[in-house]
Each structure stands twice: as C-alpha cells, then as structure tokens.
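[1] prediction below, plus the sequence it came from.
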Amino acid sequence: MSEGSNPAILEVDNLARHFPVRGFLNRQVGSLRALDNVSFAVEPGEILGIVGESGCGKSTLGKTLMGIHEPSEGEVRMMGERIASPGQKRAARIRARLQYVYQDPGASLDPRWTLRRSLHEPLIIHTDWPREKREEKVREIVKAVGLPVEHLDLYPHEISGGQQRRVGLARILVLGPELVIFDEPTSGLDVSVQATVLRLFRDLKSEFDLTYLFISHDLAVVQSICDRVIVMYLGRIVEIGRTAEVFASPRHPYTQALLSAAPRIGGPRVTENFSLQGEPPDPSNVPSGCRFRTRCPHALPDCAEVDPKLEYEDSHGVACLHWRELKA
Amino acid sequence: MNSLLDIQALSLGFRTEKGIAKVLDRIDLSVRPGEIVGLVGESGCGKSTLARAILGTLPEGQTEINSGHIRLDGVDMLRGNKEAEHLRGRVVTFVPQDPFASFNPLFRIGTQIQDLMRFKAPRDGSGRFGRSRKADEASAIAMLDAVQLPQPKAILNKYPHQLSGGQRQRVMIAMALLPQPRMIIADEPTTALDVTVQAQILGLLRRLAVERGVSVLFTTHDLGAAWEICDRIVVMYAGQTAEIAPREQFFADPRHPYTRMLLESLPSPGRDPVGIPGGVPSPLKAPDGCRFHPRCPRATEICHESRPALMTGADGHAIACHHPWLAKAEAAHV
C-alpha cells in the first residue's frame, strides 16, 4: 500500500485463510485457499467496497478481519495494534470497535426480548455503565436510526422488517464502533427499499464518524456508495483503487469483464458481445500462476508460470502481468 | 390482434385465515409470438402469481378467481380442463428461479431429462414404443449443446449437486426448450447468479428465443436485466398493471409515477438514489382505487375513489394512472 499522509485505521498484511478439505477417515486431503496473500489498508472515514463473484473469498475476508475466522498467515492491525494473527485471541475491547453487519441485521434480534433489552445487552457486556447512562445512550442511537423511542418496549415481531433492520443497526452502533463491516447489506432488497437503506448508511456514517468496509456483489451499489473498491477473484485481490477510476478505466481483464457484464440501462445490450465464458474454477484446486488465466481472453504462456503481484501506479493497484500492454 | 397469450381483466385472490388476499386486480396482458415481455415489479406485486396462473398451477382449494380469463393459444388455462393440461409443459414451459429446488437430487440429470421427454416432448419417429432411448439421448445432448454446456455427455451422468448454479440454470433452460414450446415463462431466472453468469444466461435465453421464435415471459425485479433482454416491459404494482411500454420508450420516457420513482431508486454514480417512502400494501387490505395512491406524490381525491383504467396510446404505451407524467418537458421543471 502506498504510504498515505493519514494513518490507516485498519491494515491488512499478507492475510491468508485456508480451510482444510477432509477426505476418508477425516484425513486432510487438500486445502481450500479461500483467501491468499491479501494486503490492503483502510483509511479513516472512507467507504471501501469489496466486490467479486460468489466464492471469491470476500465474505471470508470480512469474517477473518472480524475475528470469526482465525487467519492462517499474515496479520491485521487496527490503528497500529495487532488484532489478528495465527493463534491470537481477540480482546473484548477490540471487538467493540469493529462491528459486523449481516445481510439482515434485524434477524439478530431475539424474538423473546423487547427491543430495549436487545439494545442494552451489548452495553452490559462491554461497559460498566449504570442503567440510566445506558438508557440515555440507547435512546440517542434509536433516534439516530430514525425510530420512535416508544418502540423500545415492543417485541421484534411487532415492528416491520425495515424497522427491525434499523434496530439491528442501532444494536451495532451503541458500542460506538470505528469500523463497520457490511456483508451484502442490500442483496435481496427491492430497489426502492435499497435506496432508503443506502441513504441510512450514509447518514449514519457522517453522524458517527464511521469507516465502512462494504462487501457486495452489486456493482451499481458499490459504484454509488464507495470511495475505493477492491476487486477479488478466487481469494486474491486483482485490483484496488478509487471507485471512479476503477469503473472508468479498469486495468485487470477480470475487472473489465465484470464491469461489462452488468447491464447498463440506456446502453447497448451487453449480452450481445459479452466474452467471458464459464464460471470460476474450484477454489480447492486453483490454477497455477495467475488464477484468472483459465478464463482470461488475453492469457499468454507466462501467465501460467508467474504469479502476478499487486502492482501500484497512482495508488491504483492491479495484479496482472500484462496490464500495461492491454492498456496500450 | 393475434396474440399467443391473452389475459384480460384477471382478478384473483387466495383464501386465507384472515380473509381473502386480493393478489391480482384486473390484470391485462398480451404476448405476441416471438416476443420477449418483461414483467417487472417489487416483491409481493403478484408477478409470480400471474406466472403460476398462466401455467395453471395455482393451489386449487385456496384460489378464488373473480373475473377475467387467460387464453393461451386460444385455450382457457384457468379452468383446469384436459386441453389446458395438454398445453402445460408442451406449449408453455417454465424456468424457475432456483433450479436446484426443481431437480430431484436422487436422480441423474440424464434420467430426469429422459422422464421429461417420455411425457412431454413430441416424438418424431413413432414406433410401437415411441422413440428409442438412443434418439432421446441424442436430442438431449443436442439441446445441452445448444445451451453451451461443455461436455454434455458427462453432464447427463451427473447428479444435480455436482453442477454449479450457472450450469443448473442452463440445464433448466435446455429442459424448458426440449418440448419445443411456443412460450417459456422464466421466473427470475438469474436472481441467484453472479453478474458474469447472468450475462451469459440472459444472452443465451434471448438468442434461443429469437432463433426459435419462442415467446418469453420474463419476470424480474431487476430493471437492468429487463433492459437487457426484453422487447416490451410490463410494470406491476400490488397486483395492478401500472404501465406497459416498449423497452426504449419505457426507460426513456416512463409516465407512471411508480415507474418513475422505481427508476430513480436505481443507484447510479453522481446521484443519490431516491427510494419510495412507505411499503407495498398487504393484499389482505389493499387500498381502494389506485393501489399506489398512499405512496404517490401526485395522488388526489380521485385516486382514492376510482381505479384508473389502462389506457393505451397510439404509440403502444399504456398507463393506468389518473395523473401520468405526460411529456418529457414537464419532468424537467418538477
């Protein structure tokens, strides 16, 4: 990562996560390299998008950062402090500063608890505040996510799905996290709902000074909300850069294919000249050299031998041996 | 007009414990031969119910048909008689949203395709036992080839769980095409797929439809996918038809307030998506008049009282609204 002027809130260094593949008698017969050699840094206050097809390791990345998975190699630093490395146990203090939002945050509410109890719970665990102080904080957050305070005495089934989502977000925000990881927060939503949800995310970000890591497969959403974007393919970062730049002039052939696949209303039909064939290979048996070469329209013999490193130019990184020639 | 599918003033509801859910309210729709029609709407707008009504696979005991008819190739599909039974799976076939749920996990793909051919596919060489197995297999392989599946012979010997999502959807399309139908109903066929696979599947569906002259009724909530594949787009809201327009006109000049807000909700760079306040009304207590009026910024008294009729203009652009956006110039001011 290029050395920026402001310190990174989160630094990821050579992170890898491998899952064992077990065969007969539970013997390990191979390993699924869900995440391999991933390095990047998150700057404070930005929205960093992570895109890629299913199985590219973007959720594994989110969960490894969060501490749900333990890294197999490499380390994660938050404000310079190491928070994840092989064999390290995470302190509760760090867990409060880093929060993870699942696809439907409302589903994390206990149906037998009032919303008040659900919202107090994280504060009881992480702080020793008296009841009044907790209540004050809960009320403040509930107002911020746009819910009436009277709702605190209701149970999850008494409010609508959209309101449950807001309560789920409030539950994450009461601890005052610095970095929030969203995992596919808009998939399965109708566009009209999606627009309101995105606006809520943006409002909360400016109100609470948050930094977002936004994992999504929806390119249009990422383009509209993210400052920078990481494109992943089979456990590797293939491209990283400013969103506007990556979308306007993608350098990696995979990014180019991914962007050309998204239908553009008003544009020509992409299906008529879409070139990429097939689907990503099995991550337990990745191709040698560049992992994209089996589907790459520009693959050359040396792509099978050399594993391309992430190369930066103008803080726009790409992992392709031949991107300069392709650009020309 | 010689349309293949003709739906007129179709209203139907489901009996539930809490009363009758009026899911479709006077739907008008026609599909011409060889045309790809997109049925667009948010979840709960009744598009899947409409698709199932056309196939005649609504739950019998709970469905209450109030008015209207569905004619496919001149045959009434609503009153489940023998003729409708004969069309289903032959003249009209179905591509589901989740292909995994539609395969039997215990049988090989080849077996399932053969079963389909035995019952639904037309037989050319009719001996005493119909076509031989070999000929069946040959045509199955030819069809898998047509949907661009590599090594079709190997696919026939695989179980459904051994295929990827994109491959399963291709097999589904192949199976839908085998009986040589005149119409395919594709219910959100690409929702579960990645964009690169979606582009492949949409391209395939469109090419096959054009080559074989098959009509496609394509339900989706993804306006981008609708733009990609359709000739004509039908927008539904809460069981009512809101707008019907040819593809270019639909996206360039939407006239129904709902359509307009839907298009403005799409995320795009340099503009905040707007969203539509409120939620889709429950079909159990649907609002009177135009069902969009509680969320509509242009609603007036008349919208509460009477339901706007679907009016077709000279350009084939039909709108059901009392206060449509008329010209593009007006939009620039507001």
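    In hand now; what should we look at?

[2] tell me if A:G74 really is in a strand.
    Yes: assigned with DSSP: H, G, I helix; E, B strand; the rest coil, A:G74 falls within a strand.

[3] OK, contacts around the nearest residue to A:V42 once chain neighbours are set aside?
    Closest residue in space to A:V42, ignoring its immediate chain neighbours: A:L10 at 4.1 Å, by C-beta to C-beta, 6 or more residues apart in numbering or on different chains. Quick note: C-beta positions are derived from backbone N, CA and C, even for glycine. Contact partners of A:L10, counting by C-beta atoms under 8 Å, 6 or more residues apart in numbering or on different chains, are A:A41, A:V42, A:L65, A:V76, A:R77, A:M78, A:L179, A:T211, A:L213.

[4] from those residues, which is closest to chain B?
    Relative to chain B, the closest of the contacts of A:L10 is A:L213; by C-beta to the nearest C-beta it sits at 18.2 Å.

[5] tell me the SS of that closest one?
    strand.

[6] does the closest residue to it other than its chain neighbours count as helix, strand or coil?
    Using C-beta to C-beta, 6+ apart and skipping residues adjacent in sequence, the residue nearest A:L213 is A:I181, 4.5 Å away. Put simply, A:I181 is strand when judged by three-state DSSP.

[7] what's around A:I181, how many residues?
    27 (other C-beta atoms under 10 Å in any protein chain shown).

[8] show me what contacts it?
    Applying C-beta under 8 Å, 6+ apart to A:I181 gives the contacts A:G62, A:L65, A:M66, A:L98, A:Q99, A:Y100, A:V101, A:Y212, A:L213, A:I215.

[9] reformat those into TSV and put pLDDT next to each item.
    Formatted as TSV, those follow (pLDDT from 0 to 100):
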residue	pLDDT
A:G62	91
A:L65	91
A:M66	89
A:L98	91
A:Q99	91
A:Y100	91
A:V101	90
A:Y212	95
A:L213	94
A:I215	93
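
[10] of all the residues you listed, which comes closest to B:S268?
    Distance ranking of those against B:S268, using C-beta to C-beta, places A:Y212 first at 19.5 Å.

[11] could you list the buried residues of the lengthiest helix in chain B?
    Identified as the longest helix of chain B according to DSSP state H is helix B:195-212. Within helix B:195-212, the residues scored as buried using 16 or more other C-beta atoms under 10 Å in any protein chain shown are B:195-206, B:208-209.

[12] filter the residues you listed by proximity to chain A?
    With C-beta under 8 Å from any C-beta of the partner chain as the criterion, those include B:V195, B:T196, B:V197, B:Q198, B:A199, B:Q200, B:L202, B:G203, B:R206 near chain A.

[13] can you give me the strands for the chain?
    You didn't pick a chain, so chain A it is. Shown for chain A, the strands assigned by DSSP state E span residues A:10-22, A:28-42, A:47-51, A:73-78, A:81-84, A:98-101, A:179-183, A:211-215, A:228-233, A:236-242, A:311-313, A:316-318.

[14] hmm, no, I was thinking of chain B.
    Using DSSP E, strands in chain B cover B:5-16, B:19-31, B:36-40, B:63-72, B:75-76, B:92-95, B:183-187, B:215-220, B:232-237, B:240-246, B:311-312, B:318-319.

[15] and chain B, what are its domain boundaries?
    Domain assignment for chain B by automatic domain parsing gives B:5-67+B:79-91+B:182-333, B:103-180.

[16] show me where pLDDT drops low in the stretch 51-200 of chain B?
    Residues of the stretch 51-200 of chain B meeting the criterion pLDDT under 70: B:80, B:121-131.

[17] enumerate the residues of it near chain A.
    B:P150, B:S164, B:G165, B:G166, B:Q167, B:D194, B:V195, B:T196, B:V197, B:Q198, B:A199, B:Q200.
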